[in-house]
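[1] coordinates only, sequence not included:
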DNA sequence: TTTTATGCAATAGTAATACTATTATTTGAT
DNA sequence: ATCAAATAATAGTATTACTATTGCATAAAA
């Protein structure tokens, strides 16, 4: 159905397109594994390069620094997710069911997508949960925003906001609620895994999280 | 009323109590200014020490590393905030009004507290918004949790959770909603300042944010 | 008064990280 | 086969995070 699918993701965050060379794809693949394994703080281009039998400097040909690499990966995920949402809700009749499907996709463990064999979507999902907020929690967020670093995230929130508005056109905080839904899904999964005193959601109990977010959303916009 | 008030905050996050020496208090004071100014990534103990006319090594006598220093400051804020909430809601009759007051405190610009002249609460509030999540978004979050790094945050969420439960004892996601409220307040303020496409809240429009969070909370638990 | 102990801060480092300049190699067009 | 362009590897430097050691006070004990 969607074979040979590619994203043109955040050209600004990389120096050259990593999907267009063998080394570039190995960089993406290995950086996802390594980031999930050791986290952004411990992650270095040296470790990454060693893992793919290359060198630090070669990685710097593709990405200015590790933060930009994270921006690229997070953008890839957001674009991919938006694609999945659009595809899965395309034939659905009511806006409410579409919103339900969207929340389902946001708060569920990821199914592997075989269209991109150099991206492990499950690991990438874990990176989003643990490291995602770090792409915007930086001092130069405004500069990066101007360079288009958050376009994919904005697109996703606009999509959800429009769903909310088609359910209740008079609701005044549709964007605020949209970003709250996305952030809450990721946050609560993190809490359930690491800080259980901050949530009623049990580890891997995605149904409970979905119920919470869906009930919160439905109650709020009606 | 509450003069000579001190917190015994997260002893585990510092090597010696910074409130008990002249240098220690200068470290706290200057680190708040510097963190707010340049952010955690650019922040170094060298810059901090230069700013207070001391040396890197002296700072290391008080804090193991900059992350532990951030943990200390964030804990101080959470403890201080919980104190303010308890004080301000003490005489209020209904649980709903108490919850309203709590959200008001979470989503408002900070008033200076003259009880602590080495802490600039307004700047600290900005640090919480921009850097707060970084205290738990680390690989060794479980270890730090065992050391008690998040006790103050847990206490705050439990407090809010209990307020929710006294409004509706049958609501099953009180803790989840509590942490969602806290995170949402901080998140949306950040978005309003830096990523306005992700929120309907305008910069410094705290009333709009309060209305959103309060309506969301009230709708959800009823 | 001298000696000894204790706490604190400064000096002077080391190891690791982030990043770059330059050289070597490959690729592809002519 | 030759040359030009693109790509990757080598070998660095500067900065950062962190530590080992020394020096200097103050104060208690001899």
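    All right, it came through fine. These numbers were taken from a predicted model, which means no experiment stands behind them. Numbers count the residues shown, from 1 in each chain, chains lettered A, B, ... in the order given.

[2] those helices in chain A, which residues are they?
    With DSSP state H as the criterion, chain A has helices at A:22-42, A:45-51, A:56-60, A:66-89, A:95-106, A:121-131, A:141-146, A:151-167, A:174-194, A:206-221.

[3] just so I know, which of the ones you listed lies nearest residue B:34?
    Across these, the minimum distance to residue B:34, taken as C-beta to C-beta, is reached by helix A:141-146, at 18.3 Å. C-beta coordinates here come from the backbone N, C-alpha and C atoms, glycine included.

[4] Point out the other helices and strands that that closest one packs with.
    Applying 3 or more C-beta pairs under 8 Å, 6 or more residues apart in numbering or on different chains; DSSP states H and E, one finds that helix A:141-146 contacts helix B:174-194.

[5] now with 10 Å?
    For helix A:141-146, the contact count by 3 or more C-beta pairs under 10 Å, 6 or more residues apart in numbering or on different chains; DSSP states H and E identifies helix A:66-89, helix B:174-194 as packing neighbours.

[6] can you tell me which of those helices the model trusts least?
    Per-stretch mean pLDDT for the helices and strands packed on helix A:141-146 is lowest at helix A:66-89 (a mean of 95).

[7] on that earlier part again, can you redo the helices and strands packed on helix A:141-146 as JSON lines with distance to DNA strand D and mean neighbour count?
    Below are these laid out as JSON lines (distance: least, C-beta to the nearest atom of the strand, whole Å; neighbours: other C-beta atoms under 10 Å in any protein chain shown):
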{"stretch": "helix A:66-89", "distance to DNA strand D": "14", "mean neighbour count": "20"}
{"stretch": "helix B:174-194", "distance to DNA strand D": "22", "mean neighbour count": "23"}
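
[8] Can I get these in a markdown table including distance to DNA strand C?
    Output for these, formatted as a markdown table (distance: least, C-beta to the nearest atom of the strand, whole Å):
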| stretch | distance to DNA strand C |
| --- | --- |
| helix A:66-89 | 6 |
| helix B:174-194 | 21 |
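
[9] of all those helices, which lies closest to residue A:46?
    Proximity to residue A:46 (C-beta to C-beta) singles out helix A:66-89 among the helices and strands packed on helix A:141-146, at 10.7 Å.

[10] Can that closest one be said to contact chain B?
    Yes: counting by C-beta under 10 Å from any C-beta of the partner chain, contacts between helix A:66-89 and chain B involve residue A:67.

[11] same for that helix, what does it pack against?
    Judged by 3+ C-beta pairs under 10 Å, 6+ apart, the packing partners of helix A:66-89 are helix A:22-42, helix A:45-51, helix A:95-106, helix A:121-131, helix A:141-146, helix A:151-167.

[12] nearest to residue B:155, of those helices?
    For residue B:155, the closest of those is helix A:121-131, at 23.9 Å, according to C-beta to C-beta.

[13] Figure out how far that closest one is from the centre of its chain.
    For helix A:121-131, the separation from the chain centroid amounts to 7 Å (computed by C-alpha atoms, centre = their mean, to the nearest Å).

[14] Just want the angle from it to helix A:22-42.
    For helix A:121-131 against helix A:22-42, the angle by axes from the mean of the first three to the mean of the last three C-alpha atoms, to 10 degrees is 30 degrees.
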